[in-house]
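Chemist: quick one: sequence plus predicted model below, questions after.
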Protein chains: 2
Amino acid sequence: MKHHLSVGANPQNNAHSLSTLRGTSIFSSLSVAEDNDWLARCHMRNLCAGETLVDYEDTSKDVFIVQSGEIRAVLRFAVGKEAILGTFRRGDLLGELSAIDEMARSASLMAVSDAIVTVIPYAVFHDILKSRRGVCLSLMQLLSRRIRSMNERVSELSFLDTKHRLYNALLRLSRLRADGEGERIISPPLVHAELAEHIGSSRETVSREMSRLIREQLIERTSRAIVLKDPVELSRRISRALEG
Amino acid sequence: MKHHLSVGANPQNNAHSLSTLRGTSIFSSLSVAEDNDWLARCHMRNLCAGETLVDYEDTSKDVFIVQSGEIRAVLRFAVGKEAILGTFRRGDLLGELSAIDEMARSASLMAVSDAIVTVIPYAVFHDILKSRRGVCLSLMQLLSRRIRSMNERVSELSFLDTKHRLYNALLRLSRLRADGEGERIISPPLVHAELAEHIGSSRETVSREMSRLIREQLIERTSRAIVLKDPVELSRRISRALEG
């Protein structure tokens, strides 16, 4: 078992105080004392917007927890050929696959905004797994959740045309609006090129479909958000497309 | 923790003697004695070709090992709208997600041929996980492998047109031919409708592309197999399409 330190790690003591492991679902069963003990063997890393945390096919095996900002997992083949696999925020675990199977990174991880992550070295991650069965089970549940969401992604890509993939992505990426009577919101808003990367389509196609949705008053675009005015209607259209 | 017995389970004592858990990678660390002990709490189920082992959204939580025949995991939405997620053969584990996260089945499992599976009840599966840390780690590695192959599937579906998806599926589904100087083989051969389900396309499109590949002498079709005569050329075309 080798212990890989992140290249370019940039520990900052003041950032350190922000952090816990227990804020992350798979570690929620740790006691405060355990949390502090393990955390003392981790370090923090600060990333600027646009900076890469790991590259596709890197052989590093550290695991990360997002403390602030947003990190995105991306499959990239060439300029303009990217698929966004997921966006990770405060408390989210990422990079766990290589720590589990010791294979090269399956995707690139990059900071969408300025971000701080806790770096859990490979050896520390495995020491926690060895000493805490509850963490093992939670980790399996996390992996299961990832497989289920990939299944949905595969069906979306296999069966839906671009228009319906867009509806699906809007629903998937949005959250319920606090005061919005069933409205959903994507904030900060994604630009059309990013939406295109979520659904394996082009910016032009997404722009055309977004304009149509605005005309139909199903969505509204502000400088700070994309608002889904009638998410139920979007769901209904997807179901019809899948069953049709 | 509830223990769900499979509906329609059909134990056969003569089939029982075929079976071990240790033939399956995640259980390879069990001793012969442990294997026998756990196996005594499992049962066998015989399936006819076409029979369903679990339905999408079933709430059963048993885990299965294929002893003979082929079982296929399928996402199905309507007649003709199916995506084949994978085909499982002797020694393969399947159905583990619901046992891990206790959610409904994420896909249907159906027998492609007559088949025999070992049914590991939910409670037994968890007893093994509890008593054997090595099995936990192997299971995590299996889940990681599934996530990685789903990642590849998502990139395939996101970036490749139908023609290149087909090349990719042919490579993915084939195995190296024993005496074939680099040739690969799919045997028994898939019909065009099945290939279409692998790549989210129509039978007509697959037939057209397969005819083209035969004319180019890149594949050969016999009654017993699809032979890939030049898999390296297929890979090269996919790389060009991804990077182009």
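Modeler: That came through, no problem.

Chemist: any idea how far residue A:99 is from residue A:70?
Modeler: Going from residue A:99 to residue A:70 by Cβ to Cβ, to the nearest Å gives 21 Å. C-beta: built from backbone N, CA, C; applies to glycine.

Chemist: who has more neighbours, these two?
Modeler: residue A:99 (24 against 18; other Cβ atoms under 10 Å in any protein chain shown).

Chemist: make sure the more buried one is actually in contact with residue A:122.
Modeler: Yes. At 5.3 Å, residue A:99 and residue A:122 qualify as touching, with contact defined as Cβ atoms under 8 Å.

Chemist: any common contacting residues for these two?
Modeler: Taking Cβ atoms under 8 Å, 6 or more residues apart in numbering or on different chains as the criterion, residue A:99 and residue A:122 both touch A:61, A:62, A:63.

Chemist: need phi/psi at the first one.
Modeler: For residue A:61, the backbone dihedrals are phi -130, psi 20 (criterion: degrees, to the nearest 10).

Chemist: isn't it right next to residue A:103, touching?
Modeler: No. Between residue A:61 and residue A:103 there is no contact under Cβ under 8 Å: 9.1 Å.

Chemist: ok, those two, which is more surrounded?
Modeler: residue A:61 (26 against 15).

Chemist: could you report the distance from that one to residue A:151?
Modeler: From residue A:61 to residue A:151 the distance is 26 Å (Cβ to Cβ).

Chemist: just residue A:226 next, same as before
Modeler: Residue A:226 is 26 Å from residue A:151, by Cβ to Cβ.

Chemist: avg pLDDT for stretch A:159-178?
Modeler: Mean pLDDT, computed over stretch A:159-178, is 85.

Chemist: give me the contacts around that stretch.
Modeler: A:87, A:156-157, A:182-186, A:190, A:195, A:198-201, A:205-206, A:209-210, A:219, A:226-228, A:231, A:234-235, A:237-238, A:241-242, B:77, B:81, B:83, B:200.

Chemist: are any of the residues you listed buried, and which?
Modeler: A:87, A:156-157, A:183-186, A:190, A:195, A:198-201, A:205-206, A:209-210, A:219, A:226-228, A:231, A:234, A:238, A:241-242, B:77, B:81, B:83, B:200 (16 or more other Cβ atoms under 10 Å in any protein chain shown).

Chemist: quick check: angle from the helix ranked longest in chain A to helix B:133-159?
Modeler: For chain A, the helix with the greatest residue count under DSSP state H is helix A:133-159. Put simply, helix A:133-159 runs at 20 degrees to helix B:133-159, going by axes from the mean of the first three to the mean of the last three Cα atoms, to 10 degrees.

Chemist: pull out the buried positions in helix A:133-159.
Modeler: Those would be A:135-144, A:146-151, A:153-159, for helix A:133-159 by 16+ other Cβ under 10 Å.

Chemist: moving C-terminal of it, what's the next helix or strand?
Modeler: Using DSSP states H and E, the next helix or strand after helix A:133-159 towards the C-terminus is helix A:162-173.

Chemist: ok now the helix or strand following that next one, how far from the chain's centre?
Modeler: For helix A:162-173, the following helix or strand on the C-terminal side (DSSP H and E) is strand A:175-176. Offset of strand A:175-176 from its chain centre (Cα atoms, centre = their mean, to the nearest Å): 16 Å.

Chemist: tell me the pLDDT of the residue most central in space within chain A.
Modeler: In chain A, the C-alpha closest to the average C-alpha coordinate belongs to residue A:87, at a distance of 2.5 Å (Cα atoms, centre = their mean). Residue A:87 is assigned a pLDDT of 89 by the prediction.

Chemist: please apply the same query to the one 10 residues further on.
Modeler: If you check residue A:97, the pLDDT there is 95.

Chemist: can you list the weak-confidence ranges in chain A?
Modeler: Along chain A, segments meeting pLDDT under 70 span A:1-18, A:77-81, A:244.

Chemist: okay, domains of it per the record?
Modeler: Structural domains assigned to chain A are A:13-155, A:160-243, following automatic domain parsing.

Chemist: what's the most buried one of those domains?
Modeler: The highest mean neighbour count among those, using mean count of other Cβ atoms under 10 Å in any protein chain shown, belongs to domain A:13-155: a mean of 19.

Chemist: so that one, near chain B or not?
Modeler: Yes. Domain A:13-155 is in contact with chain B by Cβ under 8 Å from any Cβ of the partner chain, via A:75, A:77-78, A:81, A:83, A:85, A:97, A:100-101, A:103, A:106-107, A:129-130, A:133, A:136-137, A:139-141, A:143-148, A:150-151, A:153-155.

Chemist: all helices for chain A, in order.
Modeler: Under DSSP H, chain A gives helices at A:13-16, A:32-39, A:96-101, A:122-131, A:133-159, A:162-173, A:192-199, A:203-215, A:231-243.

Chemist: now render these as a markdown table, adding distance to residue A:45.
Modeler: Below are the helices of chain A laid out as a markdown table (distance: least, Cβ to Cβ, whole Å):
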| stretch | distance to residue A:45 |
| --- | --- |
| helix A:13-16 | 9 |
| helix A:32-39 | 14 |
| helix A:96-101 | 16 |
| helix A:122-131 | 14 |
| helix A:133-159 | 21 |
| helix A:162-173 | 26 |
| helix A:192-199 | 24 |
| helix A:203-215 | 32 |
| helix A:231-243 | 37 |
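
Chemist: out of those, which gets nearest to residue A:47?
Modeler: Closest to residue A:47 of the helices of chain A, according to Cβ to Cβ: helix A:13-16, at 11.3 Å.

Chemist: and the gap between the closest residue to residue A:218 other than its chain neighbours and chain B?
Modeler: Leaving out its chain neighbours, the residue that sits closest to residue A:218 by Cβ to Cβ, 6 or more residues apart in numbering or on different chains is residue A:230, at 5.2 Å. Note on residue A:230: its distance to chain B, by Cβ to the nearest Cβ, to the nearest Å, is 23 Å.

Chemist: just checking, residue A:230 touches residue A:213?
Modeler: No. With contact defined as Cβ under 8 Å, residue A:230 does not count as touching residue A:213 (9.8 Å).

Chemist: wait, residue A:189 touches residue A:220, no?
Modeler: No. Using Cβ under 8 Å, residue A:189 is not in contact with residue A:220, being 10.5 Å away.

Chemist: shared neighbours of these two, anything?
Modeler: residue A:226.

Chemist: circling back to that earlier point, is it true that the residue nearest to the centre of chain A touches residue A:112?
Modeler: Yes. Here residue A:87 reaches residue A:112: they are 6.8 Å apart, a contact under Cβ under 8 Å.

Chemist: mutual contacts of the two, please.
Modeler: A:70, A:71, A:72.

Chemist: how about the last one, what does it touch?
Modeler: This means residue A:72. A:84, A:86, A:87, A:88, A:109, A:110, A:111, A:112.

Chemist: ok, residue A:146 - contacts?
Modeler: Going by Cβ under 8 Å, 6+ apart, the list of residues near residue A:146 reads residue B:147.

Chemist: quick check: it vs residue B:103, distance?
Modeler: Taking Cβ to Cβ, one finds residue A:146 at 13 Å from residue B:103.
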